[in-house]
Every structure is written in C-alpha cells, then in structure tokens.
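# From the sequence below, what's the structure:
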Amino acid sequence: MAQIYIAGIHTDTGKTHFSALFCKAFSYGYCKLIQAGEIEDRDFIRRFVPECEVFDNGISLRTAASPHIAKLLEQRDYKAEQISIPNAQNLAIELAGGLFTPLDDRLCALEYLYQNPKPCILVGRYYLGCINHILLSAHALKAHNIPLLCVAMMADSYNDENQHKSGEKCSDDYIDEFLQGHSLLQGVPLVRTHFFTQDSFASVAQNLAINPALLRALQGLESS
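Numbers count the residues shown, from 1 in each chain. I've put the predicted structure just below:
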C-alpha cells in the first residue's frame, strides 16, 4: 500500500498545488491531516481532480491559524497521535505547514510522522532562504528515519519560462544545483514543477506524470 506524506518546508510553499498535480498524474487519493481554516484544501483538489477519491480531514478546525492555536481557541479536545489516516491504497496525505508545525499543545507534525512512518515528498518553493529550510527539513526527516522520496520545487511558470528564453541560468537553477550537490540530498531526486491555472493544470500534471526522476522514485517505492 503506497501512502505518501506531502510536507512543506514552510507555510504556503505550494503543498496543495503539488498534491493536486500528484493525484492527477498518478491517480492517488487525497487526505488532509489537519485542516485549519474555513477554506478547504479538499475543495481545491476536487475542483482540479474531480476523479480523485478525497477523504475526510483527519481534524477540521475553522480558525485559520496554527493548529495548536486553533485547537485552543475552539476549545477542541483531541490528541494529535490519535489522528487516523484512511486505510486506502495510493494515498497522498497533505500535512499542515512545515515539519515542526504544532498539531496540538505538545506534538509537532514531524513527531506524528515518526510515530506513523511513511515516505515523504518535501515541497519547496524558490525564495531567499529556501535552501536553509529545505536542508533543515531534510536533516530532520533523516534524523527520524523517515524516507525522503523526493524534493518537489514549485516554480512560477511565467518567471521560469521567461528567465530561460535567453538560454542563461536563473537563480532557480543555481538553487537546484546547490541542493543536488549537497550530501543531505544525496540520492534524493529534485523535481521542478509549476504553480498552475485552470487552463495550464492538465499540461503541468502531464509533465509531472512523465518526470523520469519522480517515476524512478515511485517505482522504487513499489518494489520495496
């Protein structure tokens, strides 16, 4: 049974965008471990991937805040270690925020992953400081023996295309090169994909579906 965590290196790195692309490209189901806020990430997945089997959130909170704060404000009584994951094959489990996001008053997402080990895709975004956040996240996963399947870098399509028209490298390329050469990510594929619109979603998802590095990583997961 292939269940994969979709974790971010920071808040708003594009986890839900990547989850939609991944579910479309590889026919995965979707579950959000904790939803904090009235805007449902499940609705985003349903809109772009209507054929996707979307499961109930592990925990649903109305307050758009860190889960441990939303839990307090809403006077909710739950323990993070008791959050259940659907017993489903080929399931993408999107986390809330980054690896050290508090899920309740004492447990961070990383500790939940350690207690419920599954391979993880780390979603990053190109910004000043992203290398620091990526390597810290990769180090944390390694220290907790959580397999890192790949690092998925979310790029802005317009900037990415225009920066490459001249044939010269852009800052994103230098970030990729540094990450690919770092010992913490040795053997971990780096996959660049893009944020999308309604018009571009199908083509971006198709490109992800044929990405050779990601295909090899998933094939290795199936054979293990």
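# hey, where'd the strands end up in the chain?
Applying DSSP state E to the chain gives strands spanning 3-8, 29-32, 34-36, 59-61, 91-98, 120-125, 148-155, 190-194.
# Quote the end-to-end distance of stretch 119-130.
Counting by Cα to Cα, to the nearest Å, you get 21 Å between the two ends of stretch 119-130.
# do the same with stretch 57-75
Stretch 57-75 has an end-to-end distance of 18 Å (criterion: Cα to Cα).
# quick one: contacts of it?
By Cβ atoms under 8 Å, 6 or more residues apart in numbering, the residues outside stretch 57-75 that reach it are 31-40, 42, 76, 78, 83-85, 96-97, 101-105. For every residue, glycine as well, the C-beta is placed using N, CA and C.
# go again using 10 Å as the cut-off
Residues from elsewhere that reach stretch 57-75 (Cβ atoms under 10 Å, 6 or more residues apart in numbering): 11, 31-42, 76-78, 80, 82-86, 93-97, 101-109, 112.
# Out of those, which end up buried?
Neighbour counting by 16 or more other Cβ atoms under 10 Å classes 31-36, 41-42, 80, 83, 85, 93-97, 101-104, 107-109, 112 among the contacts of stretch 57-75 as buried.
# and the longest helix for the chain?
helix 130-143 (DSSP state H).
# Sketch out the low-pLDDT regions of this protein for me.
By pLDDT under 70, the low-scoring segments of the chain are 1, 157-167, 223-224.
# Please name the residues that touch the closest residue to residue 9 other than its chain neighbours.
Nearest residue to residue 9, sequence neighbours excluded (Cβ to Cβ, 6 or more residues apart in numbering): residue 133, at 4.1 Å. Applying Cβ under 10 Å, 6+ apart to residue 133 gives the contacts 8-10, 13, 98-99, 122, 124-125, 127.
# Okay, residue 35 and residue 186: tell me how far apart.
According to Cβ to Cβ, to the nearest Å, residue 35 and residue 186 sit 35 Å apart.
# ditto for residue 215
When residue 215 is compared with residue 186 (using Cβ to Cβ), they lie 20 Å apart.
# ok, now residue 15?
Taken as Cβ to Cβ, the span from residue 15 to residue 186 is 24 Å.
# So for these two, which sits in the more crowded spot?
Ranked by neighbour count (other Cβ atoms under 10 Å), residue 15 and residue 186 place residue 15 first, with 28 against 8.
# that older thread, just the buried residues from the contacts of residue 133, in PyMOL please.
Buried residues among those (16+ other Cβ under 10 Å), as a PyMOL selection:
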select buried, resi 8+9+10+13+98+99+122+124+125
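# which pair in the contacts of residue 133 spans the largest distance?
Pairwise distances across the contacts of residue 133 peak at 17.4 Å for 99 and 127 (criterion: Cβ to Cβ).
# Quick one: the helices in this structure, in order.
Counting by DSSP H, the helices of the chain are 15-26, 41-48, 67-73, 109-115, 130-143, 157-163, 171-181, 201-209, 212-223.
# Which one, of those helices, ends up nearest to residue 56?
With Cβ to Cβ, the closest approach to residue 56 among the helices of the chain belongs to helix 41-48: 8.3 Å.
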